[in-house]
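Student: Here you go, sequence then predicted model.
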Amino acid sequence: MTDQPPRRRPSTPPRSGGRPASTNARGGKATRAGAPRAGSGSGIADQRTVRPMGPRRDAPAEPVVPPDVTGAELDRSVRAELRSLSKANAEMVGRHLVMIARLLTDDPQTAYAHAMAAQRRAGRIAVVREAVGVAAYHAGLWAEALSELRAARRMSGSSHLLALMADAERGLGRPERALELAASDEAKGLATAERVELALVVSGARRDLGQPEAAVLALQLPELTATQTHAFTPRLRYGYAAALLAAGREDEALRWFALAAESDHDGVTDADERLAQLTGLQIVDLLDDDDDSDDDGSGVDGNDDDGSGDDDSDDDGSGVDDGDDDGGEDDPPQQ
């Protein structure tokens, strides 16, 4: 659901009817009046009889973790949460968490595989459930993401990922529920960056509901026009420009796409490309131009013997793409 930025409960499943079995005063299993007790010669089988076990299913193979990943890369607060595990298990879970962060943008499916491996090892740790939720979100597994993020919120008491939960509701086709989350008491206590992320989701939900002007209003925050820029500034300006464009206010949208591009030093948005599309400009890669000019520089005089200079100068083009270090969370909401 991002153009903008999972849960199996570990407790014993309830018995039939969803209600736990009652116990008598002596700790034994209570029986209903008139019902013969198991083992009393009534011929009724004892419900606690051990059933023959089938073949044991092996756990899925864990994704490979490179030897240079140790888990020490994690924040101290995260490592502290893992201390309830054995030392060996905590180390392995930590290494999987590092891999999630590394792969989240470029390979979300493998990041999710690492998340599930961590969950199987430490499903009762809040930070692990949160990581599973984030990985599922980036993999487009909206229901799983919502379930895991809810579990993490219950375990930790923190609502800092409320924007992801709301956006997962959008992914499931429930923009109304996204708006309900945004209006909840939990949303009132969010930090500034988290509040901006939630506003981006609200704007997207309004567009989902066919309310383009309300989508514009949702992003008219003080941070939009603040002189001081932050990490969220390019995304906020981009989202506002997209909302203006959806509302048919193209001239204003052009201005805000330009402002988004101006503040986007790390390339977290494609504001420059959107601006070029809307104005009919063509973006020229200056690095490619430099390579072409270094080939022979004399192509106009017709003295190009074999053209091999072009092949030598074009190594592989990979140097231009430094990779997108955005966690997906930092993309603007879908248009």
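Tutor: Here it is on my side, so go on.
Student: low-scoring stretches of the stretch 101-250 of the chain, by residue?
Tutor: For the stretch 101-250 of the chain, no stretch is flagged by pLDDT under 70.
Student: That one: helices as residue ranges?
Tutor: Taking DSSP state H, counting those that start in this stretch as the test, the helices found in the stretch 101-250 of the chain are 108-122, 126-138, 142-156, 162-171, 175-182, 185-188, 192-208, 212-218, 233-246, 250-263.
Student: CA atoms only: put the fourth one into CSV for me.
Tutor: Extracted as CSV, the C-alpha positions of helix 162-171 are listed here (Å, rounded to 0.1, in the frame of the first residue of the first chain):
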residue,chain,number,x,y,z
LEU,A,162,-0.2,3.3,14.0
ALA,A,163,0.3,4.8,10.5
LEU,A,164,1.4,1.4,9.2
MET,A,165,-1.7,-0.2,10.7
ALA,A,166,-4.0,2.4,9.2
ASP,A,167,-2.3,1.9,5.8
ALA,A,168,-2.7,-1.8,6.1
GLU,A,169,-6.4,-1.2,6.5
ARG,A,170,-6.3,0.7,3.3
GLY,A,171,-4.6,-2.2,1.6
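Student: which outside residues touch that helix?
Tutor: 1-2, 4-5, 133-134, 137, 140, 142-143, 145-146, 149-150, 153, 175, 177-179, 181-182, 184, 186-187, 190, 194, 197-198, 200-202, 204-205, 208, 329, 333-334 (CB atoms under 8 Å, 6 or more residues apart in numbering). Bear in mind the C-beta positions are built from the backbone N, C-alpha and C, glycine included.
Student: The fifth one now?
Tutor: Counting by CB under 8 Å, 6+ apart, helix 175-182 makes contact with 162, 165-167, 169-170, 187, 198-199, 201-202, 204-206, 208-209, all of which sit outside it.
Student: do that again at 6 Å, thanks
Tutor: 166, 169-170, 198, 201-202, 205, 208-209 (CB atoms under 6 Å, 6 or more residues apart in numbering).
Student: can you check the shortest one too?
Tutor: For helix 185-188, the external contacting residues (CB under 6 Å, 6+ apart) are 159, 162.
Student: can you check the first one too?
Tutor: Helix 108-122 has contacts (CB under 6 Å, 6+ apart) with 62-63, 85, 89, 93, 96-97, 99-100, 103-104, 128, 131-132, 135, 138-139.
Student: quick one, it and helix 126-138 angle?
Tutor: 160 degrees (axes from the mean of the first three to the mean of the last three CA atoms, to 10 degrees).
Student: Report the buried residues of helix 108-122.
Tutor: 108, 110-119, 121-122 (16 or more other CB atoms under 10 Å).
Student: would you turn the residues you listed into JSON lines with distance to Asp272?
Tutor: Shown next, in JSON lines, are those (distance: CB to CB, whole Å):
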{"residue": "Pro108", "distance to Asp272": "25"}
{"residue": "Thr110", "distance to Asp272": "30"}
{"residue": "Ala111", "distance to Asp272": "28"}
{"residue": "Tyr112", "distance to Asp272": "31"}
{"residue": "Ala113", "distance to Asp272": "34"}
{"residue": "His114", "distance to Asp272": "33"}
{"residue": "Ala115", "distance to Asp272": "33"}
{"residue": "Met116", "distance to Asp272": "37"}
{"residue": "Ala117", "distance to Asp272": "38"}
{"residue": "Ala118", "distance to Asp272": "37"}
{"residue": "Gln119", "distance to Asp272": "39"}
{"residue": "Arg121", "distance to Asp272": "43"}
{"residue": "Ala122", "distance to Asp272": "42"}
